[in-house]
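Visitor: Build me a model from this:
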Amino acid sequence: MLKIIALRLLQGVLVLLAIYAATFFLVAMTPGSPFSSERAIRPEILAQIEAFYGYDKPALERFWVALVNMLQGEFGPSAVYANRSVTAIIAEALPVSLHLGGMALLIALALGIPAGIVAAVRRNTWLDYVPMSAAMVGICLPSFVMGPLLALVFGITLRWLPVAGWFGPNYWILPAATLGLVYAAYFARLTRGGMLEMLNQDWVRTARAKGVPERRIIFRHCLKGGLIPAITFLGPALAGIISGSFVVETIFQVPGLGQWFVRGALNRDDFLILGLTLLFAALIVVMNLLVDIAQVALNPRLKHG
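Guide: This next block holds a predicted model:
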């Protein structure tokens, strides 16, 4: 297990360095600077501002300076939001995004896994057809469609929930549901497939013939193996929840990292884009590592793979 963790950590570090370098040079190749759109600014003042932020230096030199600062935990100042560092912006917005993503993942798991188990156990009945049909609808609706629909129905038409802001539990429901319902559909279908594979094993039929209670067969013997496809999907699901937060936070005006990333891209705030890209990549790498550990715990044969 320790060898697997060490290997994944090494791979993760290399992935983060590659992502940081690719992002930096893609941003550097973009014409202009964050201050190019400023109107009525004298050339000498513009030169001083660009020198302060390092835009007067070659791209390679700026890359090494930014990399050293990043390794020290400092992403530099925001080029658009005066007197604010990228680190301070991340510290302010990260808890909001983690809160939103955590609730969305709980919704996805709480709805998807039980629905998949019930659908597998009651195969070819209405308890199978109804949740799987709903899951198919959820898979076909991306978050940028699901969000406005939920806001229209529950926020504008029924007036049950607020549609913008992040001021209390009522404000959390629609953004979390928008992100969570889409992935609940995937978890439901994957759990159903994994459970059906386990329930069709020869040893399950033997256990039933010997009179082993059905509940014991399902929850003690089949559930562990049946959840492996869902556990495997946790990595892509977490990546999707993180990337989907860009759209959802913008739709519902949630003051999280996703909305700051959109602002950084629109305003050409290079330091903010670099810091947030690296942070999102690090979150995905860490979550994938945890998923790998969970897979090995559920299926020890993977230790020798």
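
Visitor: mean confidence for the helix or strand containing residue 233?
Guide: Per DSSP states H and E: residue 233 is located in helix 228-251. Regarding helix 228-251, the rounded mean pLDDT is 82.

Visitor: Stretch 62-80 now?
Guide: 82.

Visitor: end-to-end on that stretch?
Guide: 18 Å (CA to CA, to the nearest Å).

Visitor: And it, what's buried?
Guide: 62-63, 66, 70, 75-80 (16 or more other CB atoms under 10 Å). Where you see a C-beta, it was placed from the backbone N, CA and C, and this is true even at glycine.

Visitor: same deal with stretch 87-94?
Guide: Buried, per 16+ other CB under 10 Å, within stretch 87-94: 87, 89-90, 93-94.

Visitor: cool, stretch 89-108 as well?
Guide: So for stretch 89-108, counting by 16+ other CB under 10 Å, buried means 89-90, 93-94, 96-97, 99-101, 103-105, 107-108.

Visitor: Redo these as CSV? Include pLDDT.
Guide: Below are the buried residues of stretch 89-108 laid out as CSV (pLDDT from 0 to 100):
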residue, pLDDT
89, 89
90, 88
93, 88
94, 88
96, 89
97, 88
99, 90
100, 91
101, 88
103, 92
104, 92
105, 91
107, 94
108, 92
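
Visitor: Let's see which of those end up in helices.
Guide: Of the buried residues of stretch 89-108, the ones assigned to helices by DSSP state H are 89-90, 93-94, 96-97, 99-101, 103-105, 107-108.

Visitor: Turn those residues into a markdown table, columns for distance to residue 234.
Guide: Below are these laid out as a markdown table (distance: CB to CB, whole Å):
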| residue | distance to residue 234 |
| --- | --- |
| 89 | 28 |
| 90 | 24 |
| 93 | 24 |
| 94 | 20 |
| 96 | 22 |
| 97 | 18 |
| 99 | 19 |
| 100 | 17 |
| 101 | 12 |
| 103 | 16 |
| 104 | 13 |
| 105 | 8 |
| 107 | 14 |
| 108 | 10 |
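
Visitor: which SS state does residue 164 fall under?
Guide: Judged by DSSP: H, G, I helix; E, B strand; the rest coil, the three-state class of residue 164 is coil.

Visitor: Residue 255 versus that one, what's the distance?
Guide: Distance of residue 164 to residue 255, computed by CB to CB, to the nearest Å: 11 Å.

Visitor: what do you get for residue 187?
Guide: 28 Å.

Visitor: Looking at those two, which is more packed in?
Guide: Of the pair residue 187 and residue 255, residue 187 is the one with more neighbours under other CB atoms under 10 Å, namely 28 against 14.

Visitor: Hmm, the more buried one is touching residue 237, no?
Guide: Yes. The pair residue 187 and residue 237 passes the contact test of CB atoms under 8 Å, sitting 7.4 Å apart.

Visitor: Find the residues that touch each one of those two.
Guide: residue 108 (CB atoms under 8 Å, 6 or more residues apart in numbering).

Visitor: before we move on, the earlier item: what's the most distant pair in the buried residues of stretch 87-94?
Guide: For the buried residues of stretch 87-94, with distances taken as CB to CB, the pair at the greatest spread is 87 and 93 (11.2 Å).

Visitor: separation between residue 74 and residue 275?
Guide: In terms of CB to CB, residue 74 sits 9 Å off from residue 275.

Visitor: any chance you could map the helices in the stretch 201-305 of the chain?
Guide: Per DSSP state H, counting those that start in this stretch, the stretch 201-305 of the chain carries helices over the ranges 202-209, 214-216, 223-226, 228-251, 257-267, 270-298.

Visitor: which helices and strands does the second one pack with?
Guide: Counting contacts by 3 or more CB pairs under 8 Å, 6 or more residues apart in numbering; DSSP states H and E, there are no secondary-structure elements packed against helix 214-216.

Visitor: Which residues belonging to it are considered buried?
Guide: Residues of helix 214-216 classed as buried: none (neighbour count, 16+ other CB under 10 Å).

Visitor: Next secondary structure after the one helix or strand in the chain whose mean pLDDT sits lowest?
Guide: In the chain, no helix or strand scores lower on mean pLDDT, DSSP states H and E than helix 43-53, which sits at a mean of 75. Sequence-wise, the next helix or strand downstream of helix 43-53 (DSSP H and E) is helix 59-71.
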